[in-house]
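Q: predicted model and sequence follow; I will ask about them next.
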Amino acid sequence: MDEFERIREALGAPEADDAAKARAWARIQREITMEQPSPTGAAPAPVSERGRRPPLRRRHAVLLGIAAAIAFIAIVLQVVLPSGSGGPAVSAAAELRRLADLAATIQPVGPGTGYLYTDVESEGIGSGEDVTSGLSWDFLVRERLQTWVSADGAGRQVTTVDRVDFAAPADRTRWVQAGRPPLPTSAVERYGPGGLPIYHVASLPSDPEELRRAIHAGHVIEEPPGPLGIFTGIGDLLAQPNTPSDVRHGLLELAAETPGITLDQAITDPLGRPGEGFTFQVAPSMETLIIDPGTANVLATMRVDPEGRRSWSAYVRDAAVPTATTTP
């Protein structure tokens, strides 16, 4: 049992992988190097002081050992303890890099010879318009979307609408004036080949800078241009069950390299599940990505659009299933 395992066992922390340990050892070496004495010779101590002070080399060794031990414990706490589990406060970038290593172990889930099943709950703004009168209205929809999609894009979707509320009293008034046209309702829809989107994430690179260019290019997923669009793209791609492990690692490394992301270590997603929130804002728009610190799986995304309207998607379940009606 090495030093990492002794500290991990004493703290009751989860196991750390070899990559995390290697990073910690590298940081310890940097700390020790920074503590090395200057090559410039120090003036000798007066004879009267030599009997009361330990030799310089011995004192340096003691101080170096203490400094290294403190650095070791602090670094290991950050490596083996997820944020918010008793370790010291960490930056958003440091936590994203820890999650990147964890995400590299997530095995992608695809349709295989059957279907990829996903279960997503969401709340967002919809709109309607009466072409004859020119009246329009906005409404808030809370719904559940279950999707079965095969490798060729065929499949089935079940939409269960929980409630529909108008965004403001004036929206309801305009809807009434337009003759009360239908609002969103629950539905079951079937699609032929190519009818359902399935992102071809297997074609994505794993290098963070190449991923940035790929998101901007819009070959796999379309997002608005600029830094906020990159962050939104990172969240949407991480939420795809079929995203390869190395691409997940690269996406979180790209997020870690993005300045301006803030970390909330104690957040709950819209379904009440605890996680870590990573927020990027380009006022007035804002995007928050909520990740499970123990698994690196995306729990939810939350957005505020330029009009200040809030929406969210919570990822409940995904699995490979044999038919378009099977649930895990």
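A: Now that the structure is in, tell me what you want to look at. Residues are numbered from 1 along each chain as shown.
Q: from here on, just use CA atoms for contacts and neighbour counts.
A: Fine.
Q: who's in contact with residue 267?
A: Residue 267 sits next to 274, 275, 276, 277, 290 when contact means C-alpha atoms under 8 Å, 6 or more residues apart in numbering.
Q: what about the first one, neighbour count?
A: Counted with other C-alpha atoms under 10 Å, the neighbours of residue 274 add up to 17.
Q: what sits opposite it in the beta ladder?
A: residue 268 (DSSP bridges).
Q: if I look at it, how far off is residue 301?
A: 13 Å (C-alpha to C-alpha, to the nearest Å).
Q: repeat that for residue 119.
A: 14 Å.
Q: which residue ranges of this protein form strands?
A: 115-129, 136-149, 155-166, 187-191, 262-268, 274-282, 285-291, 298-304, 310-321 (DSSP state E).
Q: mind putting those strands into JSON lines with mean pLDDT?
A: Below are those laid out as JSON lines (pLDDT from 0 to 100):
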{"stretch": "strand 115-129", "mean pLDDT": "97"}
{"stretch": "strand 136-149", "mean pLDDT": "97"}
{"stretch": "strand 155-166", "mean pLDDT": "97"}
{"stretch": "strand 187-191", "mean pLDDT": "97"}
{"stretch": "strand 262-268", "mean pLDDT": "96"}
{"stretch": "strand 274-282", "mean pLDDT": "97"}
{"stretch": "strand 285-291", "mean pLDDT": "97"}
{"stretch": "strand 298-304", "mean pLDDT": "97"}
{"stretch": "strand 310-321", "mean pLDDT": "97"}
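Q: do you know which of those strands lies nearest residue 176?
A: Of all the strands of the chain, strand 136-149 sits nearest to residue 176, with 9.9 Å by C-alpha to C-alpha.
Q: residue ranges with poor pLDDT in the stretch 1-150 of the chain?
A: 1-89 (pLDDT under 70).
Q: run the last query once more with 90
A: Within the stretch 1-150 of the chain, the ranges that satisfy pLDDT under 90 run 1-90.
Q: what's the local residue count around the closest residue to residue 146 other than its chain neighbours?
A: Sequence neighbours aside, residue 119 is the residue nearest to residue 146 in space, at 4.6 Å (criterion: C-alpha to C-alpha, 6 or more residues apart in numbering). Neighbour count of residue 119, defined by other C-alpha under 10 Å: 17.
Q: quick one: residue 119 from residue 318, how far?
A: 6 Å.
Q: likewise for residue 110?
A: 9 Å.
Q: so what sits against both of these two?
A: Listed as contacting both residue 110 and residue 318 by C-alpha under 8 Å, 6+ apart are 116, 241.
Q: touching, residue 248 and residue 102? I think so.
A: No - taking contacts as C-alpha atoms under 8 Å, residue 248 lies outside contact range of residue 102: 9.4 Å.
Q: follow-up on the earlier one: list just the nearest of the contacts of residue 267 to residue 197.
A: Among the contacts of residue 267, residue 290 lies closest to residue 197 (C-alpha to C-alpha), at 23.5 Å.
Q: find the nearest non-adjacent residue to the closest one, please.
A: Nearest one to residue 290, counting by C-alpha to C-alpha, 6+ apart, is residue 277 at 4.5 Å.
Q: also residue 106?
A: residue 245 (5.6 Å).
Q: identify the residues contacting the one you found.
A: 103, 104, 105, 106, 107, 108.
Q: state the distance from it to residue 209.
A: Counting by C-alpha to C-alpha, the gap from residue 245 to residue 209 is 17 Å.
Q: residue 110 too?
A: Applying C-alpha to C-alpha to residue 110 and residue 209 gives a distance of 26 Å.
Q: and residue 292, by the same measure?
A: 25 Å.
Q: tell me which of those two has more neighbours.
A: residue 292 (19 against 14).
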